[in-house]
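[1] The following block contains a protein sequence and its predicted model.
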Amino acid sequence: MRIGRRRRNYTPLVIGLLVVLGILGLVYYVMSSSLKNSPVYTADKVLYIMAYDDGYAFVLVDSNRESVKVVYAKKGLYDPKSGAYLEGDPVEDYAFFKDVFGVSTPQWRFVDLRDGELSKFSRAVLGRNVRNVGELLRGMKKRNGFFDVFLVGRITKSLTGNSNLDNSSLLKLLDSMRKFDLDERVVKGITKSPVEVEIEGEGKFKRIYIDSREREDLREFLGVGG
């Protein structure tokens, strides 16, 4: 008499996998909803001030225009019209962007990438080192981003110093870099090299002067106009 082989019952395994997937899906939905319903993520405009060793990248995310505009500025940039200059303080640097470039938004973040922080941040975001902030930003456009909801917490923890980048603002930046057009512009000073000036009672400073024409061109680039 032939005895047939017993069929394996895969039903419990399939049910177990479906339960696990359901739990993961629920966790993803809850985390994603929490991050994407925050004031910074839903804001029309978010400004990221990225300070690196010899300058700044002002990254303006404009959801209405579906664009990311980046302005690169050297340290010591000075605007004679407003008297504002870049000095490395987050609040003052935001005031510079608002006064000189004419863009104001309550949602802004300071990302301190000086003193080796750029290398740590780029490895956390891209898995590799980059030569400069421009390469970091362009690398963000090529990321898949599907698991970013789970990864942003680890990435923000890689930053130290004066950075106030939180999970929602980082997710906003990563999503915008993938979805929106990226346009970059370098601020041109009147002189190629910094000019040393001496202010009585304060000392000597190196400054790069920006003229009114460049000022207005940058405002037009950012969509502000005159």
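    Sure, I can see it. All values derive from a computational prediction rather than experimental measurement. Residues are numbered from 1 along each chain as shown.
[2] where exactly do the strands run in this protein?
    45-52, 55-62, 67-74, 77-79, 84-85, 108-112, 181-186, 195-199, 203-209 (DSSP state E).
[3] okay if I get the ones you listed as JSON lines plus distance to residue 14?
    Yep, even glycine has a C-beta here, placed from its N, CA and C like the rest. Converted to JSON lines, those look like this (distance: least, Cβ to Cβ, whole Å):
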{"stretch": "strand 45-52", "distance to residue 14": "44"}
{"stretch": "strand 55-62", "distance to residue 14": "43"}
{"stretch": "strand 67-74", "distance to residue 14": "44"}
{"stretch": "strand 77-79", "distance to residue 14": "62"}
{"stretch": "strand 84-85", "distance to residue 14": "64"}
{"stretch": "strand 108-112", "distance to residue 14": "45"}
{"stretch": "strand 181-186", "distance to residue 14": "44"}
{"stretch": "strand 195-199", "distance to residue 14": "72"}
{"stretch": "strand 203-209", "distance to residue 14": "65"}
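[4] mind listing what's buried in the lengthiest helix in the chain?
    When every helix of the chain is counted residue by residue (DSSP state H), the longest turns out to be helix 11-36. By neighbour count, with 16 or more other Cβ atoms under 10 Å as the criterion, the buried positions of helix 11-36 are 31, 35.
[5] helices or strands next to that helix in the packing?
    Counting by 3 or more Cβ pairs under 8 Å, 6 or more residues apart in numbering; DSSP states H and E, the packing neighbours recorded for helix 11-36 are helix 148-157, helix 167-179.
[6] thinking again about what came up before, mind telling me which of the strands of the chain the model trusts least?
    Among the strands of the chain, strand 195-199 carries the lowest mean pLDDT, a mean of 78.
[7] What helices and strands are in contact with that strand?
    Helices and strands touching strand 195-199, by 3+ Cβ pairs under 8 Å, 6+ apart, are strand 203-209.
[8] got the contact list for the strand it packs on?
    Surrounding strand 203-209, the residues in contact under the criterion Cβ atoms under 8 Å, 6 or more residues apart in numbering are 74, 76-80, 85, 189-191, 194-199.
[9] what does stretch 45-53 give?
    Residues from elsewhere that reach stretch 45-53, judged by Cβ under 8 Å, 6+ apart: 40, 56-64, 88, 90, 93-94, 97, 103, 105, 107-115, 118, 132-133, 162, 165, 169, 172-173.
[10] do the same with stretch 169-185
    Applying Cβ under 8 Å, 6+ apart, the external contacts of stretch 169-185 come out as 35-36, 40-41, 43, 46, 48, 59, 61-63, 66-72, 107, 109, 125, 134, 137-138, 140-141, 143, 145, 148-149, 152, 155-156, 218, 221.
[11] Buried subset of those as a ChimeraX selection?
    To isolate in ChimeraX the members of the contacts of stretch 169-185 that are buried, counting by 16+ other Cβ under 10 Å, one can use:
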select :35,40,41,43,46,48,59,61,62,63,67,68,69,70,71,72,107,109,125,134,137,140,143,148,149,152,155,156,218,221
